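Asks: Sequence and predicted structure, then a few things I'm wondering about:
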2 protein chains.
Amino acid sequence: MNASATIKAPFDRDKQFAAKRRAVILSAASAFRRRGYHNTSMVDIAKTLGLTKAALYYYVRNKEEILFESHLMAYDSMDKILKRPQSGEDGLENLANVFREFVSLLTQSGVSLLTDVDSLSGKSREQILARRGKIERRVIKLVKAGQKDGSIRIGDARLQVFFFMGALNWLNAWYDSEGRLKGDDIADHFVEQLRSGIMAE
Amino acid sequence: MNASATIKAPFDRDKQFAAKRRAVILSAASAFRRRGYHNTSMVDIAKTLGLTKAALYYYVRNKEEILFESHLMAYDSMDKILKRPQSGEDGLENLANVFREFVSLLTQSGVSLLTDVDSLSGKSREQILARRGKIERRVIKLVKAGQKDGSIRIGDARLQVFFFMGALNWLNAWYDSEGRLKGDDIADHFVEQLRSGIMAE
DNA sequence: TTAAAATTTGAACCTTGAGTCAAATTTATT
DNA sequence: AATAAATTTGACTCAAGGTTCAAATTTTAA
């Protein structure tokens, strides 16, 4: 314990700054998801935070950086889910668990999956596409494991993944947390349809 | 046969105009799909057609009208598919047929399913959302018919539809007609996954 | 070959919205 | 209460890109 230690909260400046910056990005991401990147102005973003446009530039280099960080935030969350130890009985169960958590992520937490990657330029776009590719590859691996242990139907794993990841992206587009559908109900439903499609047994 | 009848093609002006206008819209729609509406400038659209920006305004009132007509074009095609007499044995087969044709539409014809409806203003947006809603409702009806005849699992039909329509929208985003995947192969695969999910039997 | 209509163009105009900056205000610390 | 750092602001600049239009060019039909 050195001389600068105090009893009360030390009011960590960096922490405060980081928290506000994060709020800016999350709020903007939500707007991007609903209205689109180009249909959301810096003034819009500032207003919903009770700030003025210029103040945003204290937390962020430019608008594109917000989009970039929005993407990162979503992919970080997905990575975290994918890195959790897989506790399922077989590959299918593992995949279902991951998928359920993806659905929960998009319906419960404020995290948004953005598609407007073409509004990023050069290096940033590459980086985001790389992250997305990495996640896709991980999910494909899960599917292949399930195929190997006999729990998942043999087929082009990549296509299988694209199919249900489409459901995820589309969910992200239409889901409204104010609506009557509970996120968990959707998760149950989606997991079931992921497994068994819509055919009656 | 009246006096104005000729042997050679009569060179129908309106037809010519309509064809060129259609070309403008289809070409633009393709660019919108790949790069996004706001990332595609009027100059971009003009250039790929070998025209100059100003020439576009001979065929089109403004950029938004192109987006509007792009949407209409896709929904017209989907309507046409939905209006074909349903020849399947049961509801599931009917739905599968429609879904297969949707996939073919997006992979074979140049038609693109656009999502950027928020770049339309007021009346146009309403109109497009109404069209989309109408299509969704028709597909939901198909699902409900299948539930009634026992070929489709009982459940929230709306959610079931959103799930596989997501696959369609996502397909539209990633599918590249130059790629190694044949449209028909994708259709087969997707129809199978629509029916039975990914679980091994 | 010619003239009217259709089509295309170059050169502007105009609006929107991102980004900048010096000054004002607020907050933490003494 | 004083002060230095952190934060916010108003007013501005600037570029991008959509839109207009009179004039130039091309096409059709006689």
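Replies: Yep, it's here. Just so it is clear, the structure is predicted and the values come from calculations on it, not from any experiment. Residues are numbered from 1 along each chain as shown, chains lettered A, B, ... in the order given.

Asks: Could you say which helix or strand holds A:His101?
Replies: For the record, residue A:101 is Glu, not His. Assigned by DSSP states H and E, A:Glu101 belongs to helix A:91-107.

Asks: Now do the buried residues in stretch A:145-154.
Replies: A:Ala145, A:Gly146, A:Gln147, A:Ser151, A:Ile152, A:Arg153 (16 or more other Cβ atoms under 10 Å in any protein chain shown). Yep, even glycine has a C-beta here, placed from its N, CA and C like the rest.

Asks: my bad, stretch A:70-84
Replies: For stretch A:70-84, burial by neighbour count (16+ other Cβ under 10 Å) applies to A:Ser70, A:His71, A:Met73, A:Ala74, A:Tyr75, A:Ser77, A:Met78, A:Ile81, A:Leu82.

Asks: Return the residues in contact with the nearest residue in space to A:Leu92 that is not next to it in sequence.
Replies: Spatially, and ignoring its direct neighbours in sequence, A:Leu92 is nearest to A:Ser151 (3.7 Å; Cβ to Cβ, 6 or more residues apart in numbering or on different chains). Neighbouring residues of A:Ser151 by Cβ atoms under 8 Å, 6 or more residues apart in numbering or on different chains: A:Asp90, A:Gly91, A:Leu92, A:Glu93, B:Met199, B:Ala200.

Asks: and if you look at A:Glu93?
Replies: Here A:Glu93 is in contact with A:Ser151 (Cβ under 8 Å, 6+ apart).

Asks: Over to A:Val60?
Replies: A:Arg21, A:Val24, A:Ile25, A:Ile66 are the contacts of A:Val60 under Cβ under 8 Å, 6+ apart.

Asks: Out of these, name the ones that lie in helices.
Replies: Among the contacts of A:Val60, the subset assigned to helices under DSSP state H consists of A:Arg21, A:Val24, A:Ile25, A:Ile66.

Asks: neighbours around the second one, how many?
Replies: By that I understand A:Val24. Applying other Cβ atoms under 10 Å in any protein chain shown, we find 22 residues neighbouring A:Val24.

Asks: Same check on A:Arg34?
Replies: By the measure other Cβ under 10 Å, the count of residues near A:Arg34 is 13.

Asks: With the one 10 residues further on instead?
Replies: Other residues near A:Asp44 number 15, with proximity taken as other Cβ under 10 Å.

Asks: Pretty sure A:Ala31 is one of the things it touches, is it not?
Replies: Yes - here A:Asp44 reaches A:Ala31: they are 6.3 Å apart, a contact under Cβ atoms under 8 Å.

Asks: mind checking pLDDT for the residue of chain A found nearest DNA strand D?
Replies: Closest residue of chain A to DNA strand D, Cβ to the nearest atom of the strand: A:Ala54 (2.9 Å). At A:Ala54, the model reports a pLDDT of 97.

Asks: Same question for the one 3 residues further on.
Replies: In this model, A:Tyr57 is scored at 98, pLDDT.

Asks: name the element it belongs to?
Replies: In this structure, A:Tyr57 sits in helix A:53-59 according to DSSP H and E.

Asks: Is chain B within reach of the helix ranked longest in chain A?
Replies: Longest helix of chain A, by residue count under DSSP H: helix A:122-148. Yes - judged by Cβ under 8 Å from any Cβ of the partner chain, helix A:122-148 comes into contact with chain B through A:Val143, A:Gly146, A:Gln147.

Asks: Now that helix: average pLDDT?
Replies: Mean pLDDT, helix A:122-148: 96.

Asks: mind listing what's buried in it?
Replies: A:124-125, A:128, A:131-132, A:135, A:138-140, A:142-147.

Asks: ok, the residue nearest the centre of chain A - contacts?
Replies: Against the mean C-alpha coordinate of chain A, by Cα atoms, centre = their mean, the closest residue is A:Ala74 at 2.9 Å. Neighbour list for A:Ala74: A:Ala29, A:Val111, A:Ser112, A:Leu113, A:Leu114 [criterion: Cβ under 8 Å, 6+ apart].

Asks: I'm done for today, thanks for sticking with me.
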